[in-house]
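>>> Provided below are the primary sequence and the corresponding predicted coordinates.
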Amino acid sequence: MDALPLVALVAASAAVAGAARRTPVPAPLLLVTAGLIASYLPGVPTYTLDAHIVLPLLLPPLLYTAAVDSSYLDLRANIRPIALLSVGYVLFATVAVGWLAYRLVPDLPLTAALVLGAVVAPPDAVTAAAIARRVGLPGRVTTILQGESLVNDATAITAYKVVLAAAVGEGMSWSAGIGEFLLAAVGGVVVGLALMVPLHWLRTHLKEALLQNTLSLLIPFVAYAAAERVHASGVLAVVVVALYLGHRSWQVDFATRLQEEAVWKMVAFILESAVFALIGLQLPFVLKGLGAYAVTDALWYAVAVFLAVVVVRFIWVYPATFLPRWLSKRIREREPGTNWTAPLIVGWAGMRGVVSLAIAFSVPMVTTDGQDFPARDLVLFLTFTTVIGTLVIQGLSLPLLVRALKLPGRDVTAETLAEAQAQGEASMAAEARLEELLTDRRNYLPGPLADRLRAVLARRRNAVWERLGASNPMTGESADETYRRLAREMIDAEREVFVRLRDERQIDDEMLRTLLRRLDLEEAAAYREESQAP
């Protein structure tokens, strides 16, 4: 097996994603465009999405990292709108888009049209997270979009399996279809609940960060495979496990958290970049099988299905936002008020992605009676054009729409104040514990060392408050920012001395690595404080 095409894909997509960070264009859009262009360059190998690879190998880690970074408490607080979007909307879109396609395309069976509806129904988890981070959506809107994208794949995949069984002639009644849907949903949650506690116990009892992070990389695949083995939803199993582990990540030692964050950032960056590039690279393969349809007819169908996908989402979002509030006083009292702008953003943020394409590629070529699957190539083409259309048109215009609506962004001052108050309370508890420990003779410390511990607490407590205060008129830095900059300058000076001593053979390389790691940890602590500041 030639590994060069895979290496080239990862390297090229990472390079494009890195370049996108220097442009106002979101990385997913630039990657898809680059893939479209590269698909017709001479010498570029053919990359075909395989559902047997994308779903069990790419989807679990992408869902896992998105769920771990989500807030369980925020998702729970918004469970009603998330459920209406991730379950209700996906089923509504499956039927509505499928019925419109059935009425639009001559000789397209209803079952095949519903397959198309299920394929294009779920907005993409990776796209939603990437766009939301880039455009700075309000917190509650971001939470709802992230929550929807974590669960809607499970709904769509299950709905697809049900309508596909009818399309290929396996025969499935409505009651059997509903039963399979409930089995997948409930089973996925049960598998996740069964795995999350043992996996967390393992994470907290393994003593080496390397082993803990190896386990972390295996967790999404284990959860997905275990659920799929019992015909449950692997997506829901991964999400349940990830939310639990993310909520309790504070119980894992600091070395694991530091290493795990770096590892998963790298994994997510590589996978997200490759996934969006793969979408664009499918164009030649999709067009190759479209010979049975006139290009003008296929393009007309593509425009109509794209418009249907966009309009159907708004038809669902606005009633789902306001009707429950109008009917229930309890909902009005428990949930914050909203106006027409938030549903507009949620409705327009329905970009489709790689999951839709992967499901479309999994549509079989023949039915159980040996006949060709009706309009399989057209279903694949319409899925591809819908994905590209939503990514380009909605993805490019979403930042402009957010700016035009002047939606309130993050309240940096309020966040900094809350952080300062939390840090102050924690520092007081730490200082009280220090004084308690110092009263024990077994914990005796010389005065300067005890004062150094107190000074560390004071600096940590004051650093956040200083962000609210005046800056240095010459540099624009707060006192804490100047402190961190000077600390890094001092560390750089130490590092240069250690390297010089190694070059002069006064210390060996092993000692140099030990000394440099100590400095690296100090610098990492300063950098993390700085990078996490609002």
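Noted; the coordinates are in hand.
>>> Run a quick neighbour tally on residue 45.
The number of residues packed around residue 45, counting by other C-beta atoms under 10 Å, is 11. (C-beta placed from N, C-alpha, C; glycine too.)
>>> Which residue ranges of this protein form strands?
Secondary structure of the chain (DSSP state E): no strands located.
>>> Tell me which residues touch the nearest residue to residue 357 once chain neighbours are set aside, please.
Closest residue to residue 357 apart from its sequence neighbours, by C-beta to C-beta, 6 or more residues apart in numbering: residue 49 at 5.5 Å. Shown in contact with residue 49 (C-beta atoms under 8 Å, 6 or more residues apart in numbering): 278, 282, 354, 357, 358, 361.
>>> Residue 80 now?
So residue 80 contacts 324, 331, 335 (C-beta under 8 Å, 6+ apart).
>>> What distance do you get for it to residue 323?
Separation of residue 80 from residue 323 (C-beta to C-beta, to the nearest Å): 12 Å.
>>> which residues touch stretch 503-521?
So stretch 503-521 is in contact with 491, 494, 495, 498, 499, 501, 502, going by C-beta under 8 Å, 6+ apart.
>>> Filter these down to the buried ones.
491, 495, 498, 502 (16 or more other C-beta atoms under 10 Å).
>>> Could you dump those into a markdown table and include pLDDT and distance to residue 112?
Converted to a markdown table, the buried ones among the contacts of stretch 503-521 look like this (pLDDT from 0 to 100; distance: C-beta to C-beta, whole Å):
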| residue | pLDDT | distance to residue 112 |
| --- | --- | --- |
| 491 | 85 | 64 |
| 495 | 88 | 64 |
| 498 | 89 | 68 |
| 502 | 86 | 69 |
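>>> and the end-to-end length of stretch 270-289?
Stretch 270-289 has an end-to-end distance of 30 Å (C-alpha to C-alpha, to the nearest Å).
>>> what sits up against that stretch?
With C-beta under 8 Å, 6+ apart, stretch 270-289 has contacts from 9-10, 12-14, 16-17, 27-28, 31-40, 44, 46-49, 58, 61-62, 126, 130, 353-354, 357, 376-377, 380-381, 384, 387-388, 391.
>>> Now with 6 Å, please.
9-10, 13-14, 17, 28, 31-32, 35-36, 39, 47-48, 58, 62, 126, 354, 377, 380-381, 384 (C-beta atoms under 6 Å, 6 or more residues apart in numbering).
>>> now those: which count as buried?
Buried among the contacts of stretch 270-289 (16+ other C-beta under 10 Å): 9, 13-14, 17, 28, 31-32, 35-36, 39, 47, 58, 62, 126, 354, 377, 380-381, 384.
>>> pLDDT weak spots in the stretch 1-150 of the chain?
1-2, 125-136 (pLDDT under 70).
>>> ok, which stretches of it are helices?
With DSSP state H, counting those that start in this stretch as the criterion, the stretch 1-150 of the chain has helices at 4-20, 27-38, 51-53, 59-68, 72-77, 79-83, 90-104, 110-120, 125-135, 139-167.
>>> residue contacts, residue 359?
119, 160.
>>> how far away is it from residue 115?
On the measure of C-beta to C-beta, residue 359 and residue 115 end up 9 Å apart.
>>> do the same with residue 231
In terms of C-beta to C-beta, residue 231 sits 19 Å off from residue 115.
>>> okay, those two: which has more neighbours?
Per other C-beta under 10 Å, whichever of residue 231 and residue 115 has more neighbours is residue 115, with 31 against 12.
>>> How much space separates residue 385 from residue 305?
Distance, residue 385 to residue 305, using C-beta to C-beta: 7 Å.
>>> neighbour count winner among those two?
residue 305 (26 against 20).
>>> hang on, the more buried one packs against residue 381?
No. Between residue 305 and residue 381 there is no contact under C-beta atoms under 6 Å: 9.8 Å.
>>> so which of the contacts of residue 49 comes closest to residue 183?
The nearest member of the contacts of residue 49 to residue 183, counting by C-beta to C-beta, is residue 358 at 22.1 Å.
>>> correct me, but that closest one touches residue 50?
No. The criterion here is C-beta under 6 Å, and residue 358 misses it with residue 50 at 7.8 Å.
>>> Name the residue in these two with the higher neighbour count.
Using other C-beta under 10 Å, the more surrounded residue of residue 358 and residue 50 is residue 358, with 23 against 12.
>>> Run through the stretch 251-400 of the chain and note the low-pLDDT ranges.
Short version for the stretch 251-400 of the chain, where the test is pLDDT under 70: 291-292, 367-370.
>>> quick one: the helices in it?
254-281, 283-288, 295-327, 329-334, 341-348, 354-361, 376-389, 395-405.
>>> just these: most buried one?
Highest mean neighbour count of those: helix 354-361, a mean of 26 (counted as mean count of other C-beta atoms under 10 Å).
>>> got the angle for that one vs helix 254-281?
Counting by axes from the mean of the first three to the mean of the last three C-alpha atoms, to 10 degrees, helix 354-361 points 50 degrees away from the direction of helix 254-281.
>>> Send me helix 354-361 as CSV with only the CA atoms.
What follows is helix 354-361, C-alpha atoms only, in CSV (Å, rounded to 0.1, in the frame of the first residue of the first chain):
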residue,chain,number,x,y,z
VAL,A,354,-18.4,15.2,5.6
VAL,A,355,-20.9,13.1,7.4
SER,A,356,-23.5,13.7,4.8
LEU,A,357,-21.1,12.8,2.0
ALA,A,358,-19.9,9.7,3.8
ILE,A,359,-23.4,8.5,4.3
ALA,A,360,-24.2,9.2,0.6
PHE,A,361,-21.2,7.2,-0.5
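>>> distance from the centroid: which residue in the chain tops it?
With distances taken as C-alpha atoms, centre = their mean, the residue sitting farthest from the centre of the chain turns out to be residue 441, at 50.8 Å.
>>> Give me the pLDDT value at that residue.
Predicted confidence (pLDDT) for residue 441: 80.
>>> give the contact list for it.
Applying C-beta under 6 Å, 6+ apart, no residues contact residue 441.
>>> Next: the one 4 residues further on.
Under the criterion of C-beta under 6 Å, 6+ apart, residue 445 has no neighbours.
>>> Ramachandran coordinates for it?
phi -130, psi 140 (degrees, to the nearest 10).
>>> Distance check, it against residue 220.
Distance from residue 445 to residue 220, by C-beta to C-beta: 45 Å.
>>> Residue 487 too?
Distance from residue 487 to residue 220, by C-beta to C-beta: 38 Å.
>>> ok, those two, which is more surrounded?
Counted by other C-beta under 10 Å, residue 487 and residue 220 do not tie: residue 220 has more neighbours, with 26 against 14.
>>> My understanding was that the more buried one contacts residue 62; is that so?
No. Using C-beta under 6 Å, residue 220 is not in contact with residue 62, being 8.6 Å away.
>>> With just CA atoms, put stretch 305-321 into CSV.
Extracted in CSV, the C-alpha atoms of stretch 305-321 (Å, rounded to 0.1, in the frame of the first residue of the first chain):
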residue,chain,number,x,y,z
VAL,A,305,-32.5,20.9,-3.2
PHE,A,306,-30.1,23.4,-1.8
LEU,A,307,-32.9,26.0,-1.5
ALA,A,308,-35.1,23.4,0.1
VAL,A,309,-32.5,22.5,2.7
VAL,A,310,-32.1,26.2,3.6
VAL,A,311,-35.8,27.1,3.7
VAL,A,312,-36.9,24.0,5.6
ARG,A,313,-34.4,24.8,8.4
PHE,A,314,-36.0,28.2,8.8
ILE,A,315,-39.5,26.7,8.6
TRP,A,316,-38.5,24.6,11.6
VAL,A,317,-36.3,27.0,13.6
TYR,A,318,-38.7,29.9,14.1
PRO,A,319,-41.8,27.9,15.3
ALA,A,320,-39.5,25.8,17.5
THR,A,321,-38.1,28.9,19.0
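>>> next one: that stretch to chain centre, how far?
23 Å (C-alpha atoms, centre = their mean, to the nearest Å).
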